[in-house]
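Asker: sequence first, then the predicted structure, then my questions.
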Amino acid sequence: MPALRTIAHMCGIRTWFRHTAFLAVYLLVCCQPLFAQSPGREYQLKSVFLLHFTQFVEWPETSFKSDTSPLIIGVLGNNPFGAYLEQAVAGEKVDFHPVVVRYYKKESEASGCHILFLNAEPDKIAGILGSLHGKNILTVSDRPGFARQGGMIYLFNKDNKIKIQVNIDACKKSELVLSSKLLRLAEIFEPPKTNN
Amino acid sequence: MPFRNLPIRKRLLRVILVINGVVLTVACTAFFLYEYYNSRSNTLNKVSAIGQIIATNSTAALAFDNKDDATEILTALKAEPHVEMAVLFDERGTQFSLYGRDTTMLPLIPHPLPEGHRIKGSILELALPVMLNGHRLGTLYLRSNMGAMHQRFQLYATIVVVVMVLSFLLSLALVRWLTRSISDSILSLSKTAAVISQKHDYSVRAGKMGNDEMGGLTDAFNHMLDTIQTQNRTLRQFNRTLEQKVQQRTAELEYANKELESFTYSVSHDLRAPLRAIIGYTAILEEDYSDKLDDEGKRITSVIKNNTLKMGQLIDDLLAFSRMTRQEVNRETVDMCAVVQEVKDSLAGDYDYSRVDWQIVALPPAAANPGLIQQVWMNLIANALKYSSKKEKALIQIGGYQQEGKLVYFVKDNGVGFNQQYGHKLFKIFQRLHSMEEFEGTGVGLALVHKIVARHGGEVWAEAQENKGAAFYFSLPA
């Protein structure tokens, strides 16, 4: 009899223990700012954003070699996504174009891609954008001032969320059509008025 | 009261009202149900369409984790007041954005959310997947209150009932007014028919209301009355003529009869005088001149006397017969037994009773003229004795009984009888079935019997077989 009671007691303690542990984890997850200590999570979300852009952007027909040629998401510079981006696009298709990821060291290699994430130094960005001018590539970056420099989509953090800023002029110049759905939730970059 | 016994007007009224009621109810119910289901499916379609639009619009918000945008999209539902609540869930099923006036219902949303629509009372719930390139980004939940629609339908139902009641009342008034032309003509016709059958007045005519079947019937009815009236007139005229003719003929007949009777009477009466002379002188011949006549002369004298006596008898009978037609029948209760006994006694001199076996049973008394009824018995018994006279042993049965309110008397003998085939001739004057040589007789007796019984309101008949006797019956009213 005493043995049984001991077991019951132990079980009670164990249950309590488990609950407490769960609560602790829950509090840890919920009360912490989203990215404060987890840049990984931030890039996980951004990699999903990159994939989702394929659904809200239209490329000209000529940017694909054939109906089944891949839609290429390129990353220029160091890869901040780890394996997240590869995971996100695994098995994905846009119409009949399989989505693939390419990593580039130089901008000259990136001419065949459709979305290019620029993870470059801010002072190099203007140059890179200049070299991509006229190509049907959606340029994306989280470097501050990206839209101002002529980039198309600037991802920035605000209120613990990833926000989107779009440079419509740049998109138009590259013959890319952005969905109104995307535009509605994006912040539109207004180019400063030039005084002649 | 059973339906078929109701007055025609009420029946028409009921038939039309019942049909009207059924048609109205069926039509209104059909329209109402159609409208209800139509409206319900319209609401469902509308909510589905709204849901689809919102779900499509929400893809970017979910894809790029933008709650503000999602909320903004959902807020557009303000334009649809019946949508009480809309919730967007992300792919993990947690609430992403919310629109709603009454968020207390939030915990009631089932989890996990089944797709499609459900209707509970006036609440329509709709769950739609939010898809992007084959991936489920989340779920849209819409909750619409169809209470307004239900309220509208309650109003519809009230209107339908009011319309039905009003149209029913209107049709009642119209039917009353419109069926009058039908029922009035029938009523007029039946009233006329009643007057005719009660008062036998064929001069009345039914009023005609129109040229329809009822008008035709009224015409036919009136025409029939015309015919009946004409025929009645003809019949009456014919009857009058006939009566006149009958009277005339009766008068003629009566005159002829009287003439005949007076002729018969005077002839009979006047014939007696010369007969008396013949009988008287023949008697003188027999008494005073018997010694002067030879045997042949005596025989001839005897023949003359016998024939003269017979003739006297015939004249007596004829006189009795003709008197019968003039004489009034005064009735009194007659003891038939006494009468028969008297007759039997009076005939004793003419027949040999020693060879006659009399069987007389009790005779019921009758209301009759004693003198006349005695003549009946006299004739019948005398006949029985006469026609059984050739038998060695004569059997004469006399009796009477009551039958069907009549008194029946009979006289039966075992004499020569007669052929029943000629039975009908028996009771006619001067008709005889046997020759004078066989049996004497004048042929008046049974005719007299017939006449007397007929004058008493009775009947005479006979049954017989040749050589096996005869039975004569006569009946008198009891």
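Answerer: Nice, I can see it. These figures come from a predicted structure and were not determined experimentally.

Asker: next to chain A, which bits of chain B? Give me the list.
Answerer: Contact residues (CB under 8 Å from any CB of the partner chain) of chain B with chain A: B:57, B:59-61, B:63-66, B:68-69, B:132-133. Quick note: C-beta positions are derived from backbone N, CA and C, even for glycine.

Asker: looking at the residues you listed, which are in strands?
Answerer: B:L132 (DSSP state E).

Asker: only whichever of the residues of chain B next to chain A are buried, select them in ChimeraX.
Answerer: Remark: buried members of the residues of chain B next to chain A, expressed as a ChimeraX selection using 16 or more other CB atoms under 10 Å in any protein chain shown:
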select /B:57,59,60,61,63,64,65,66,69,132,133
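
Asker: and the two most separated of the residues of chain B next to chain A?
Answerer: For the residues of chain B next to chain A, the farthest-apart pair by CB to CB is B:D68 and B:N133; their separation is 23.4 Å.

Asker: would you mind measuring from the residue minimising distance to the centre of chain A to B:A157?
Answerer: Centroid-nearest residue in chain A, with CA atoms, centre = their mean: A:K46, separated by 2.3 Å. Noted for A:K46: a distance of 59 Å to B:A157, by CB to CB, to the nearest Å.

Asker: closest to B:A206 out of the residues of chain B next to chain A?
Answerer: Nearest member of these to B:A206, counting by CB to CB, is B:N57, at 83.4 Å.

Asker: residues contacting the nearest residue to B:M146 once chain neighbours are set aside?
Answerer: In space, and not counting its chain neighbours, B:M146 is closest to B:S122: 4.6 Å by CB to CB, 6 or more residues apart in numbering or on different chains. When contacts are counted by CB atoms under 8 Å, 6 or more residues apart in numbering or on different chains, B:S122 touches B:145-147, B:149-150.

Asker: okay, now the unreliable bits of chain A?
Answerer: A:1-39, A:193-196 (pLDDT under 70).

Asker: close to chain B: what parts of it are there?
Answerer: A:45, A:48-49, A:52, A:54-56, A:92-94, A:161-162, A:164, A:179, A:181-182, A:184-185.

Asker: would you mind checking the residues you listed for buried ones?
Answerer: Buried among those by 16+ other CB under 10 Å: A:45, A:48-49, A:52, A:54-56, A:92, A:94, A:162, A:164, A:181-182, A:185.

Asker: list the ones among these that fall in strands.
Answerer: Checking those against DSSP E, those in strands are A:94, A:162, A:164.

Asker: nearest to B:A273, of those?
Answerer: Among those, and counting by CB to CB, the member closest to B:A273 is A:V94, at 168.4 Å.

Asker: would you confirm that that closest one contacts A:F53?
Answerer: No: with contact defined as CB atoms under 8 Å, A:V94 does not reach A:F53; the gap is 10.2 Å.

Asker: any chance of the ones in strands among the buried ones among the residues of chain A next to chain B in a markdown table, plus distance to B:E466?
Answerer: Putting these into a markdown table (distance: CB to CB, whole Å) gives the following:
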| residue | distance to B:E466 |
| --- | --- |
| A:V94 | 142 |
| A:I162 | 153 |
| A:I164 | 152 |
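
Asker: B:F32: which of those residues is nearest?
Answerer: Closest to B:F32, out of all of these and judged by CB to CB, is A:V94, at 51.6 Å.

Asker: can you pull the contacts of the closest one?
Answerer: Neighbours of A:V94 in contact, by CB under 8 Å, 6+ apart: A:54-55, A:71, B:133.

Asker: turn these into a markdown table, including distance to B:S41.
Answerer: Output for these, formatted as a markdown table (distance: CB to CB, whole Å):
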| residue | distance to B:S41 |
| --- | --- |
| A:T54 | 38 |
| A:Q55 | 33 |
| A:L71 | 42 |
| B:N133 | 31 |
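
Asker: show me those residues that map onto helices.
Answerer: With helices taken from DSSP state H, the overlap with the contacts of A:V94 comprises A:54-55.

Asker: of the contacts of A:V94, closest to B:A368?
Answerer: Once CB to CB is applied, the member of the contacts of A:V94 that ends up nearest B:A368 is B:N133, at 138.2 Å.

Asker: that closest one reaches A:F56, doesn't it?
Answerer: No: with contact defined as CB under 8 Å, B:N133 does not count as touching A:F56 (10.3 Å).

Asker: is the residue nearest to B:Y265 when sequence neighbours are not counted within a helix or a strand, and which one?
Answerer: Leaving aside its sequence neighbours, B:Y265 sits nearest to B:S322 (CB to CB, 6+ apart; 5.4 Å). Assigned by DSSP states H and E, B:S322 belongs to helix B:295-326.

Asker: that helix packs against which elements?
Answerer: helix B:213-288, helix B:445-455 (3 or more CB pairs under 8 Å, 6 or more residues apart in numbering or on different chains; DSSP states H and E).

Asker: now the strands for chain A?
Answerer: A:57-58, A:71-77, A:93-94, A:97-104, A:115-119, A:138-141, A:153-158, A:161-166, A:177-178, A:187-188.

Asker: just put these in TSV and tack on distance to B:I19.
Answerer: Putting the strands of chain A into TSV (distance: least, CB to CB, whole Å) gives the following:
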stretch	distance to B:I19
strand A:57-58	67
strand A:71-77	73
strand A:93-94	68
strand A:97-104	71
strand A:115-119	77
strand A:138-141	76
strand A:153-158	76
strand A:161-166	72
strand A:177-178	68
strand A:187-188	72
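
Asker: and the ones you listed: which comes nearest B:G400?
Answerer: strand A:93-94 (138.1 Å).

Asker: distance from the chain centre to stretch B:429-443, please.
Answerer: How far stretch B:429-443 lies from its chain's middle: 56 Å, per CA atoms, centre = their mean, to the nearest Å.

Asker: ignore what I typed, I meant stretch A:70-83.
Answerer: 10 Å.

Asker: what are the buried residues along that stretch?
Answerer: Judged by neighbour count using 16+ other CB under 10 Å, the buried positions of stretch A:70-83 are A:70-77, A:79-81.

Asker: again with stretch B:280-300
Answerer: For stretch B:280-300, by 16+ other CB under 10 Å, it's B:282, B:285.

Asker: swap in stretch B:249-268?
Answerer: B:261, B:264, B:268.

Asker: how far away is the second one from B:A256?
Answerer: Taking CB to CB as the criterion, B:T264 is separated from B:A256 by 12 Å.

Asker: swap in B:R92?
Answerer: Taking CB to CB, one finds B:R92 at 142 Å from B:A256.

Asker: mind listing what B:G415 touches?
Answerer: If you count contacts by CB under 8 Å, 6+ apart, B:G415 has them with B:384, B:386-391, B:394, B:469-470.

Asker: quick check: it is in a strand.
Answerer: No: under DSSP: H, G, I helix; E, B strand; the rest coil, B:G415 sits outside any strand and is assigned coil.

Asker: and the gap between it and chain A?
Answerer: B:G415 is 145 Å from chain A, where distance means CB to the nearest CB, to the nearest Å.

Asker: got the phi and psi for that residue?
Answerer: phi -80, psi -150 (degrees, to the nearest 10).

Asker: then A:Q149?
Answerer: phi -80, psi 0.

Asker: ok, A:I137 next?
Answerer: phi -120, psi 130.

Asker: hmm, B:S346 is touching B:I381, no?
Answerer: No: using CB under 8 Å, B:S346 makes no contact with B:I381, being 9.6 Å away.

Asker: which one's more surrounded, those two?
Answerer: Taking neighbours as other CB atoms under 10 Å in any protein chain shown, B:S346 and B:I381 compare with B:I381 leading, 22 against 13.

Asker: residues contacting the more buried one?
Answerer: B:340, B:343-344, B:347, B:396, B:398, B:411.
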